[in-house]
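In: Predicted model and sequence below, questions to follow.
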Amino acid sequence: MSRMKRNCSIVEKYYELFEKNMEFKKVYTEERIKLYRHIVDILLMLNVTSVLDVGCAFGLFVDLANKCGIDAYGLDLPIDELKTFHESLSLSRGKFIYGSIEDNSIIDQIAEKQFQTIVLLDTLRYITHINWVSRLNPQFIIIKEVNNNFVMRYTRKNQFDVRLYSIFDLLKLFPSYKIFYLYSSKYIFALKNPSLPVILTIGRLLPTYTAILERKV
């Protein structure tokens, strides 16, 4: 499958899920609230003042971050179901951007706001290019992803034909950043400035992970 055809199928499936699938909506409006609280706690611990949630879905993470005093914005595709829901979030109304993070005009719009932190919650797998990182130059990138390791390759169905990234892959994908904190799947423990052997060992075991990348000085 060519990259262009694959990306088209992803976008079409994404629209279908958010417009028509009520179970999918329930996941993003009810079941992920605990995750959003964990990420906001991390932002507060890092003293983050501004954040952009790339692939923000229904925007509840954005709204929660705004309620906690963080200047939070969300970015997602211009799907009517999402836009309508965003309008119902009175505190965060007007703080959503519609388009693709790979669109130069969108990147320009985002760059003007100089976000301190970029959040990718199960979103990295759908992004083809990351040249926008150097243009936005955030201090932190927070990535929550399914781990590309032996366990997940044989137990998860890759329904969108997307690439999954291991923790080690992040070091190659974002060479200007280091892993500042690494959280276990259920946030049971966190490792600060983990060494490469630790990253490789933990990466073989975790089904999912949250990594806090910090820009190198």
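Out: Alright, I've got the coordinates.
In: Neighbours of the closest residue to K67 other than its chain neighbours, how many?
Out: In this structure, K67 finds its nearest non-sequential neighbour in L91, 6.2 Å apart by C-beta to C-beta, 6 or more residues apart in numbering. Every residue, glycine included, has its C-beta placed from N, CA and C. Using other C-beta atoms under 10 Å, L91 has 11 neighbouring residues.
In: right, and the helix or strand after the helix or strand A72 falls within?
Out: Following DSSP states H and E, one finds A72 within strand 71-76. Once strand 71-76 ends, the next helix or strand along the chain (criterion: DSSP H and E) is helix 80-87.
In: gap between that following helix and the chain center?
Out: In terms of C-alpha atoms, centre = their mean, to the nearest Å, the centre of helix 80-87 is set 19 Å apart from its chain centre.
In: Show me which positions of that helix end up buried.
Out: The neighbour-count check on helix 80-87 (16 or more other C-beta atoms under 10 Å) flags E81, L82, F85, H86 as buried.
In: Can you tell me which of those residues is closest to N131?
Out: Nearest to N131, judged by C-beta to C-beta, of those is L82 at 25.3 Å.
In: Identify the residues contacting the closest one.
Out: By C-beta atoms under 8 Å, 6 or more residues apart in numbering, the contact list for L82 reads F18, A57, F58, G59, D76.
In: What about those residues, which are in strands?
Out: Assigned to strands by DSSP state E, the following of the contacts of L82 qualify: D76.
In: quick one: which two of the contacts of L82 are the most distant?
Out: Farthest-apart pair in those is F18 and G59; separation 11.9 Å (C-beta to C-beta).
In: In terms of neighbours, single out the busier of these two.
Out: Legend: neighbour count by other C-beta under 10 Å for F18 and G59, higher for G59 (27 against 20).
In: The more buried one touches L89, doesn't it?
Out: Yes - contact criterion C-beta atoms under 8 Å: G59 and L89 qualify, at 5.8 Å.
In: if we can go back for a sec, looking at the contacts of L82, which is nearest Y187?
Out: Of all the contacts of L82, the one sitting nearest Y187 is A57; the distance, using C-beta to C-beta, is 20.1 Å.
In: what sits against that closest one?
Out: Taking C-beta under 8 Å, 6+ apart, we find A57 in contact with F18, Y28, D76, L82.
In: And it, how far from N137?
Out: Look at A57 and N137: by C-beta to C-beta, to the nearest Å, they are 25 Å apart.
In: got the buried residues for stretch 177-191?
Out: Residues of stretch 177-191 classed as buried: Y177, K178, I179, F180, Y181, L182, Y183, S184, L191 (neighbour count, 16+ other C-beta under 10 Å).
In: Output those in a markdown table; the columns should cover pLDDT and secondary structure.
Out: Shown next, in a markdown table, are the buried residues of stretch 177-191 (pLDDT from 0 to 100; DSSP: H, G, I helix; E, B strand; the rest coil):
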| residue | pLDDT | secondary structure |
| --- | --- | --- |
| Y177 | 98 | strand |
| K178 | 97 | strand |
| I179 | 98 | strand |
| F180 | 98 | strand |
| Y181 | 98 | strand |
| L182 | 98 | strand |
| Y183 | 97 | strand |
| S184 | 93 | coil |
| L191 | 97 | strand |
